[in-house]
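Enquirer: Return atomic coordinates for the entry below.
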Amino acid sequence: MGARPPPGAPPGHHPGASGALALTPEGALRDGSRLEDGVHVPDQQETRAASLEPSDDQVSEPGLALGRLKGDALDDRPEIGEGAGDHGRDLVDTIGRVGATVDVDEGLELRQKPLLAGIDGGRKAAGEGHRRVSILPAMPKDGQPAADVELLELRVLDGPNRFFNRPAIKLEFGSETPSAADAVAAAAGLALRRLHVALDLPVPRVTVRHSVDHRRAAIAFPWRRRARSQAIAAAAARIASGSTNERRELISLRAVAAGPMSALPRPRIPVVAITGTNGKSTTTRLISHIATSAGMRVGMTNSDGIYLRSELVEAGDWTGFGGAARVLSDSQLDLAVLETARGGILLRGIGYAANDVAVVTNVSADHLGLQGIDTLDELAEVKGAVARMTKRSGWAVLNADDPRAWRMRRETRAGWYPFTLDPANPAIEAALDRRGRAAVLERGWLVLQGAGRRPQRLARAVELPVTFGGLAQYNVANALAAAAAADALGIAVPSIVEGLRTFALDPEVNPGRLNLFERRGLLVLVDFAHNEAGLAGLLDVCRQLAVATGRAARRARGKVRVAIGTAGDRTDEILHNLGRLAGEAADEVVICEKRHYLRGRDLEEMNEILRAGVAEGGYRGPVEAFPTEVAALEGLVSRAKRGDVVAVMSHAERADVFSWLAGEAFKPVGSDRLRKLLGS
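Expert: Numbering: from 1, shown residues only. Got it, this is the predicted structure:
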């Protein structure tokens, strides 16, 4: 990738650059049509190149291959926190697939007429009449980029993101010809730097990602002034595509207003950010419940809404930028507990400058094939943003039983706080050796460990309602994560224990997460279980519950009857595996269709993929498809007997499912009744 900057050089350094100049923040400004809360967080210093407008022989049509880059034009490493540790051995994979984002809310499609066409103006370069010098290589004169390369997206990211811990702009190119997009992305990266030099602006660090099939490539760079940076990005894309040249774009760029500076809020209260593939909502709610039990006034966001002081103020999925802004704007809160989803990070970035505690529950297959994320390593890089932006004085609470989650310790400045179900996990010693902490399941107890302090037992896992009598091991892990986060916030151990003991898995406290109902010995479980790991966990609980209830009904084992279904934006592989898991574990399988969540899928095609997976799992009966979750549940219940366990993957119609169960005289099962059912 060319020469690297010397050791200790700041990002953006390039041989030949002179001096360093940091732009001065000008206060909180309007960001487009939205007024951001808080004050501007100044960017770190970047070098200002001592170069003027390029000479005529430096302007030509692009046809640049990646291997021909000179200097430090592109960097394929993710930005990591200062002092993050061993950078060389354990970075997130940077060659994973990068795909297009279809739903572009802040994108700028450059297939239209040039953004800056028709703008007059310009200026004469300083020192005109003298030979002008550029520290960057000239755009190559020979060759043209592949004709089928197109700009898929120009996206403005307003907060920390996959690429940087600060606002950035992403350009993404695509082509059916392998490596063609790589070449154009490289040319765009070089054009970006040359344009900054010619405009006498600090040269930004440019990072690059390639798809595994080399049919997509993306570059990203931090922005300081929104309008100007967006215009430069658009110009670089046109130069790289061969539709214009550098001289023409510079004339227009000099007439562009700089636009607002970034105005990310710097929270005045502690912030806990929770991410992961599964367990985000449960862990978020549990942390909020513990803090509330300790007397704190908590603002919380999750996939069900925005909650201020335990009151729902806005329903809906608020796990992105807007939800964080709403909570952080409330001056009457003591703590923000923010579920942070993959989609929000990719579409706009995270809505504040830094957090105090990051929690990463796990990384497993879900939402692959969407918004340019097709591999687990890429998904981990996205979710790792919450760990990278954690303060040096804060804590990164990471699942040490998940290799990708635990690897994020290499990318954070914060203290290491692993949680694990395995008391022999080497992550415990690694963290304690660095004066960190650990949350461990030890002989059935939740235990907090810390360098220089005695281990503190919290409670037996089987006694906590969230663990479902100890059957839901994934919720034991979530309880450890929540306890670690609460400890990291300084909440006293008795308050942590009280919160853990009083958090129930009922439709009111944690809707759609292992909600259990009973009617005359027949059990129904309602769970989100929207991906492979979620369904595997649900089926494991069902089978253990069926053994216990079957024993109570004097049968060998109750039958497990399950209704499966998910949104249509999952890959064929994920859909097939959902069917296979059900076919392996259940005694009866039906499909509950999500007709309002097909997202471009053909319904019958989707059902057939699920059926093929069920058959591969060994299930030989017919797999009936029902048009709604309620209809599927009703069908299964009509055939179920005392001691059976019926489970439904519920997402789209959760409220209707709860209403139907109430109408059919099913009663919620509390912790005491569950212990009796399990014989404990």
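
Enquirer: From now on I want contacts and neighbour counts done on CA atoms only, so please keep to that.
Expert: Fine.

Enquirer: what number of residues lie near the residue nearest to L500 when sequence neighbours are not counted?
Expert: Excluding its sequence neighbours, the residue lying closest to L500 (CA to CA, 6 or more residues apart in numbering) is L464, at 6.4 Å. Counted with other CA atoms under 10 Å, residues neighbouring L464 total 22.

Enquirer: And for the one 4 residues further on?
Expert: Other residues within reach of F468 by the criterion other CA under 10 Å amount to 26.

Enquirer: Also the one 3 residues further on?
Expert: By the measure other CA under 10 Å, the count of residues near L471 is 21.

Enquirer: Distance check, it against P267.
Expert: The gap separating L471 from P267 is 38 Å, by CA to CA, to the nearest Å.

Enquirer: Check what contacts the strand or helix carrying M300 and list those residues.
Expert: Element membership for M300 (DSSP states H and E) is strand 298-302. Strand 298-302 is contacted by residues 281, 284-285, 288, 291-292, 306-310, 317-319, 323-324, 327-328, 333-340 when judged by CA atoms under 8 Å, 6 or more residues apart in numbering.

Enquirer: Which pLDDT value does the model give the closest residue to K559 other than its chain neighbours?
Expert: Distances taken as CA to CA, 6+ apart place D644 nearest to K559, at 4.7 Å, with adjacent residues excluded. Note for D644: predicted pLDDT of 92.

Enquirer: go on, the one 4 residues further on?
Expert: Looking at V648, its pLDDT reads 95.

Enquirer: for T420, what are its contacts?
Expert: 399-401, 439-441, 477, 480.

Enquirer: Of those - the most surrounded one?
Expert: A439 leads those on contacts (other CA under 10 Å) with 33 neighbours.

Enquirer: I'd like to know how far that residue sits from V360.
Expert: 14 Å.

Enquirer: what's the distance between L151 and R238?
Expert: Taken as CA to CA, the span from L151 to R238 is 9 Å.

Enquirer: Hmm, I287 and S495 touching each other?
Expert: No. Counting by CA atoms under 8 Å, S495 stays clear of I287, with 11.3 Å between them.

Enquirer: More neighbours: the two, which one.
Expert: Neighbour count, other CA under 10 Å: between S495 and I287, I287 has more, with 30 against 18.

Enquirer: Straight-line length of stretch 457-476, end to end?
Expert: 14 Å.

Enquirer: Now do it: distance to the chain's middle.
Expert: 27 Å (CA atoms, centre = their mean, to the nearest Å).

Enquirer: any idea of the mean pLDDT for whatever helix or strand comes next after the strand holding M300?
Expert: The helix or strand immediately downstream of strand 298-302 is strand 305-308, counting by DSSP H and E. Average pLDDT, strand 305-308: 96.

Enquirer: Downstream of strand 305-308, the next helix or strand is which one?
Expert: Proceeding N to C from strand 305-308, the next assigned helix or strand is strand 311-315, under DSSP H and E.

Enquirer: got a list of contacts for that following strand?
Expert: With CA under 8 Å, 6+ apart as the contact definition, strand 311-315 has outside contacts at 304-307.

Enquirer: got it, and stretch 425-441?
Expert: 400-401, 415-423, 446-452, 480-481, 483-484.

Enquirer: From those, which land in helices?
Expert: Of the contacts of stretch 425-441, the ones assigned to helices by DSSP state H are 480-481, 483-484.

Enquirer: and the one residue sitting closest to the centre of the chain, how far is that from R194?
Expert: Centroid-nearest residue in the chain, with CA atoms, centre = their mean: R342, separated by 2.5 Å. Distance, R342 to R194, by CA to CA: 33 Å.

Enquirer: that older thread, any chance of the ones in helices among the contacts of stretch 425-441 in CSV with distance to P668 and pLDDT as columns?
Expert: Below are the ones in helices among the contacts of stretch 425-441 laid out as CSV (distance: CA to CA, whole Å; pLDDT from 0 to 100):
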residue, distance to P668, pLDDT
L480, 25, 98
A481, 26, 98
A483, 26, 98
A484, 30, 98
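
Enquirer: so where's this protein shaky on pLDDT?
Expert: 1-147, 367, 550, 552-555, 680 (pLDDT under 70).

Enquirer: Quick one: end-to-end distance for stretch 613-624.
Expert: Stretch 613-624: ends 14 Å apart by CA to CA.

Enquirer: What is the neighbour count of D569?
Expert: With other CA under 10 Å as criterion, D569 counts 18.
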